[in-house]
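A.B. asks: here are the coordinates; sequence isn't available:
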């Protein structure tokens, strides 16, 4: 029996989450150039549906293809694989010493 509805799954990094229930996920691919035979990275951004607004910038997520949710959203976030903070760690040492004085 033939399987119907095989959905594509991609893994990428959240680069923006300012919209409500939407995350912008950047997916990088590695492919060989046809003429020069060198490996080049190509990247593309996808708008993914995030109903609980759980994604943060820098999180590594897995997205899956879905029905059209809006004009540009055709992907859904199915899981957050790992957290990553692009801004770096917060410096809490200076804040605590200032508040004590």
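C.D. replies: Thanks, I have it. These numbers were taken from a predicted model, which means no experiment stands behind them.
A.B. asks: what comes up buried for stretch 65-84?
C.D. replies: Neighbour-count burial for stretch 65-84, counted by 16 or more other C-beta atoms under 10 Å, picks out 69, 73-77, 80. Bear in mind the C-beta positions are built from the backbone N, C-alpha and C, glycine included.
A.B. asks: between those residues, which is closest to residue 18?
C.D. replies: residue 73 (14.5 Å; C-beta to C-beta).
A.B. asks: Double-check that closest one against residue 22; I have them as touching.
C.D. replies: Yes - between residue 73 and residue 22 there is a contact under C-beta atoms under 8 Å: 6.5 Å.
A.B. asks: Pull up the overlap in contacts between the two.
C.D. replies: Taking C-beta atoms under 8 Å, 6 or more residues apart in numbering as the contact rule, residue 73 and residue 22 both touch 47-49.
A.B. asks: May I ask which of the residues you listed has the most neighbours?
C.D. replies: Counting neighbours by other C-beta atoms under 10 Å, residue 48 leads the shared contacts of residue 73 and residue 22 with 26 neighbours.
A.B. asks: was I right about that residue contacting residue 26?
C.D. replies: No - using C-beta under 8 Å, residue 48 makes no contact with residue 26, being 10.7 Å away.
A.B. asks: give me the low-pLDDT residue ranges for the protein?
C.D. replies: Where the chain drops to pLDDT under 70, the residues are 84-101.
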